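Undergrad: Give me coordinates for this.
(2 chains, ligands or ions: 1)
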Amino acid sequence: MTMGALFYPDWLIRRILREVDVIAMVGASANWIRPSYFAMKYLQEKGYRVIPVNPREAGKEIIGGTAYAKLSDIPVKVDMVDIFRRIEDVPPVVDEAIAIGAKIVWMQIGIRHDGAARKAEAAGLTVIMDRCPKIEFGRLSGELGWSGINTGVITSRRSKVIRRAGTR
Amino acid sequence: MAGAGDETKFRPPGFATLAVHAGASPDPTTGARNVPIYQTTSYVFDSVDHAASLFNLQTFGYIYSRLGNPTVSALEEKVSALEGGRGAVAAASGHAAQLLAFYVLMDPGSNFVAAKNLYGGSITQFTHTFKKFDWNVRFVDPTKPEEFEAAIDGDTRALFCENLANPGGIVVDIERVSAIAKKAGIPLIVDSTMATPYLWRPFEHGADIVIHSMTKFLSGHGTAMGGIVVESGRFDWAQNDKFASLTQPDPAYHGLTFYETFGDFGFSTKARAVALRDLGPTLAPMNAFLILTGIETLPLRIQRHVANATAVAEWLEKHPAVAWVSHAGLKSSPFHALAKKYMPKGPGGSVFTIGLKGGFKAGVAAVEGVELFSHLANIGDTRSLIIHPASTTHRQLTEAQQIAAGAGPDVLRLSIGIEDIDDIIADLDQALAHGLNRAAE
Ligand SMILES: Cc1ncc(COP(=O)(O)O)c(C=O)c1O
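TA: Below is the predicted model:
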């Protein structure tokens, strides 16, 4: 594994967050105080369709979305797979993401698997690791700064819109 | 690495650009270019569900200005950016910021180790007021970093120092103190009020939390009280079991675990959502606005402050009424090498002390003889300021504590402003002559 620092330019993250519509969240929890629940709720609020993937919750609803046991059970086209799992569980999820034709594989903060990433990139997918889409959305939209967090964004432009909610 | 961007093409903005722009992009609704003063206590919810998400901390947004306000958060992001930190929480004063930071870290019966060379009010806050919470302070000599190590025990939660101490011109070797903190698995908190992020960014030297009294140089014009706590985002709160308030489910928040949920900004989220919410020392939006405006010119002001202060210190060193000058930018200072290492853009800053040969009487006469300097209890104003600490800021301390804090009876503290240097020196010259005459009476 190469362990150089990860760097993703803002334009790349912004493009992903603008173009993606359907997100499969692998490891989504039904417990409302878990980080994955927080992320799912926020992304839904921003207009994404978030489909929970969790074998223990299969068939049940999490924040209004039916949960599936695995990615290949999802009956609609998935744009992005967001992974909330331990690092050792990442490779099979990435294999499935490739198999279902997802365009983006996104691994959450603390999750980095360079081998699986190379495989996904070789199959034409874009990979983001060790980041959270909720935090990146908040950062680039300016909302993260509302809690005094350093977004690192300097802009003299007025619009902070990343995508229009509910346009899917 | 493939897929990731080309980091070599990314050049982060410089300090002066951040001072003007960080946290302060145009208002998306009105297009207002400067940060407006959001003089409001509360914010409407879109729906009951939106309100619930906000109260649960699941979404970003404002609820009630005790917890957050758009003018205040613009300032928080700006200071966070200037320090190279992850996040920040502002408070009504520097003292309030210290209270918020320690509230997150301490429990009854726990302790922290602090430098004995601190602003007198901080010594009093730590010694007497924190004691009522059963938070116990142990003071050590910051010029001997090994004393921090010797004072640490199993209940120690943090180390605390002023990197450039007020008063006294003492520069602390924070890389050494940070190494001791790291070994003990506890954060190093640095009060960087006197240095400002323009001169010294403590996170680059191992600090974990930086505190400012924004009342001083950040505001810079003597107009507004304010304080801030900034976190680096790099401290691992889960490396031991000392920081249960961050790593264990919080009963004050439905069992939420702050470090797990908010990660590298877990500390500031807790400082806001629990400490600021429940203790209540909120910064007023008007004061945040004044401080934001002040910070835009921080680099220019500090350059001038330091240039003037260095010239005054060199002049005073040769003055017949003056026994010693503590400015760390002087070659005679024992802290000269450290000042050059840590503050290369302006070694020593612009607040320092002098000892008068005429003792207490000469000190009192000098502060009563100034015309341009203002005799008052503040530092970091555009105006030049003077005070006799033993009879004012450090009055609550015993004489032994005063001497230990660099504020003995013969000491005057100067905060050199940005006026014309000739006028500053002329005023000091006549005031010191006045002091000499009085001492001779
Ligand atoms: C170094 C230092 N820290 C903290 C404080 C306290 O700040 P405030 O007066 O804003 O409460 C001061 C005030 O003089 C100070 O000089």
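
Undergrad: where do the strands sit along the stretch 251-400 of chain B?
TA: Secondary structure of the stretch 251-400 of chain B by DSSP state E, counting those that start in this stretch: the strands cover B:322-325, B:351-356, B:374-375, B:385-387.

Undergrad: Over to the stretch 51-200 of chain B?
TA: Under DSSP E, counting those that start in this stretch, the stretch 51-200 of chain B gives strands at B:87-91, B:111-115, B:136-140, B:156-162, B:188-191.

Undergrad: now these as TSV including mean neighbour count?
TA: Where you see a C-beta, it was placed from the backbone N, CA and C, and this is true even at glycine. TSV is the format used below for these (neighbours: other C-beta atoms under 10 Å in any protein chain shown):
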stretch	mean neighbour count
strand B:87-91	31
strand B:111-115	25
strand B:136-140	19
strand B:156-162	25
strand B:188-191	28
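
Undergrad: Using TSV, lay out the ones you listed together with distance to chain A and mean pLDDT.
TA: TSV is the format used below for those (distance: least, C-beta to the nearest C-beta, whole Å; pLDDT from 0 to 100):
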stretch	distance to chain A	mean pLDDT
strand B:87-91	4	98
strand B:111-115	24	98
strand B:136-140	27	98
strand B:156-162	21	98
strand B:188-191	17	98
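
Undergrad: Tell me which of the ones you listed sits nearest to B:Ser333.
TA: The closest of those to B:Ser333 is strand B:156-162. By C-beta to C-beta, the value is 16.1 Å.

Undergrad: and the closest one, what does it pack onto?
TA: In terms of contacts (3 or more C-beta pairs under 8 Å, 6 or more residues apart in numbering or on different chains; DSSP states H and E), strand B:156-162 is packed against helix B:94-105, strand B:111-115, helix B:174-184, strand B:188-191.

Undergrad: try 6 Å this time
TA: Helices and strands touching strand B:156-162, by 3 or more C-beta pairs under 6 Å, 6 or more residues apart in numbering or on different chains; DSSP states H and E, are strand B:111-115, strand B:188-191.

Undergrad: any low-confidence regions in the stretch 101-250 of chain B?
TA: The model of the stretch 101-250 of chain B has no residue with pLDDT under 70.

Undergrad: Just the buried residues of stretch B:271-284, please?
TA: Using 16 or more other C-beta atoms under 10 Å in any protein chain shown as the test for burial, stretch B:271-284 gives B:Ala271, B:Arg272, B:Ala273, B:Val274, B:Ala275, B:Leu276, B:Arg277, B:Pro281, B:Thr282, B:Leu283, B:Ala284.

Undergrad: Stretch B:412-430 too?
TA: Across stretch B:412-430, burial judged by 16+ other C-beta under 10 Å covers B:412-419, B:421, B:424-425, B:427-428.

Undergrad: Can I get the strands of the stretch 51-200 of chain B in CSV including distance to the ligand?
TA: Output for the strands of the stretch 51-200 of chain B, formatted as CSV (distance: least, C-beta to the nearest ligand atom, whole Å):
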stretch, distance to the ligand
strand B:87-91, 9
strand B:111-115, 11
strand B:136-140, 15
strand B:156-162, 5
strand B:188-191, 5
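
Undergrad: in chain A, what residue is nearest chain B?
TA: Ranking the residues of chain A by distance to chain B (C-beta to the nearest C-beta) places A:Gly148 first, at 3.0 Å.

Undergrad: burial count for that residue?
TA: For A:Gly148, the count of nearby residues is 32 (other C-beta atoms under 10 Å in any protein chain shown).

Undergrad: Please list all residues in contact with the closest residue to B:Leu372 other than its chain neighbours.
TA: The spatial neighbour of B:Leu372 that comes closest, neighbours along the chain excluded (C-beta to C-beta, 6 or more residues apart in numbering or on different chains), is B:Asp427 at 3.9 Å. B:Asp427 makes contact with B:Val370, B:Glu371, B:Leu372, B:Phe373, according to C-beta atoms under 6 Å, 6 or more residues apart in numbering or on different chains.

Undergrad: hang on, isn't B:Thr282 packed against B:Arg66?
TA: Yes: contact between B:Thr282 and B:Arg66 holds when scored by C-beta atoms under 6 Å: they sit 4.9 Å apart.

Undergrad: in which helix or strand would I find B:Ala19?
TA: Using DSSP states H and E, B:Ala19 sits in helix B:15-21.

Undergrad: Dump that helix to PDB, keeping only the CA atoms.
TA: Written as PDB, here are the backbone C-alpha positions of helix B:15-21 (Å, rounded to 0.1, in the frame of the first residue of the first chain):
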ATOM      1  CA  PHE B  15      -1.600  34.900   5.900                       C
ATOM      2  CA  ALA B  16      -2.600  38.400   4.800                       C
ATOM      3  CA  THR B  17      -5.200  37.000   2.300                       C
ATOM      4  CA  LEU B  18      -6.600  34.800   5.000                       C
ATOM      5  CA  ALA B  19      -6.800  37.700   7.400                       C
ATOM      6  CA  VAL B  20      -9.000  39.600   5.000                       C
ATOM      7  CA  HIS B  21     -11.000  36.700   3.400                       C
END
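
Undergrad: before we move on, back to that, out of the contacts of B:Asp427, which are buried?
TA: B:Val370, B:Leu372, B:Phe373.

Undergrad: Closest one of those residues to the ligand?
TA: In terms of C-beta to the nearest ligand atom, no member of the buried ones among the contacts of B:Asp427 lies closer to the ligand than B:Phe373, at 17.2 Å.

Undergrad: Helices of chain A, residue ranges please.
TA: Assigned by DSSP state H, the helices in chain A fall at A:10-19, A:35-45, A:90-99, A:114-122, A:133-141.

Undergrad: Please tabulate those helices in a markdown table, including the columns mean neighbour count and mean pLDDT.
TA: Formatted as a markdown table, these follow (neighbours: other C-beta atoms under 10 Å in any protein chain shown; pLDDT from 0 to 100):
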| stretch | mean neighbour count | mean pLDDT |
| --- | --- | --- |
| helix A:10-19 | 15 | 96 |
| helix A:35-45 | 22 | 94 |
| helix A:90-99 | 18 | 98 |
| helix A:114-122 | 18 | 98 |
| helix A:133-141 | 22 | 96 |
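
Undergrad: for those helices, which one sits closest to the ligand?
TA: Between the helices of chain A, helix A:133-141 lies closest to the ligand; by C-beta to the nearest ligand atom that is 30.0 Å.

Undergrad: neighbours of the residue nearest to B:Leu75 when sequence neighbours are not counted, just the number please.
TA: Distances taken as C-beta to C-beta, 6+ apart place B:Ala288 nearest to B:Leu75, at 4.5 Å, with adjacent residues excluded. For B:Ala288, the neighbour count with other C-beta under 10 Å is 28.

Undergrad: The one 4 residues further on too?
TA: Using other C-beta under 10 Å, B:Leu292 has 24 neighbouring residues.

Undergrad: What residues does it make contact with?
TA: Counted by C-beta under 6 Å, 6+ apart, B:Leu292 has contacts B:Val35, B:Leu75.

Undergrad: CSV for the strands of the stretch 251-400 of chain B, including mean neighbour count and mean pLDDT?
TA: Converted to CSV, the strands of the stretch 251-400 of chain B look like this (neighbours: other C-beta under 10 Å; pLDDT from 0 to 100):
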stretch, mean neighbour count, mean pLDDT
strand B:322-325, 18, 96
strand B:351-356, 26, 96
strand B:374-375, 16, 96
strand B:385-387, 24, 96
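
Undergrad: mind checking which of these is nearest the ligand?
TA: When the strands of the stretch 251-400 of chain B are compared by C-beta to the nearest ligand atom, strand B:351-356 sits nearest the ligand, at 8.2 Å.

Undergrad: do the closest one and the ligand meet?
TA: No: residues of strand B:351-356 are not located near the ligand by C-beta under 6 Å from any ligand atom, the shortest gap being 8.2 Å.
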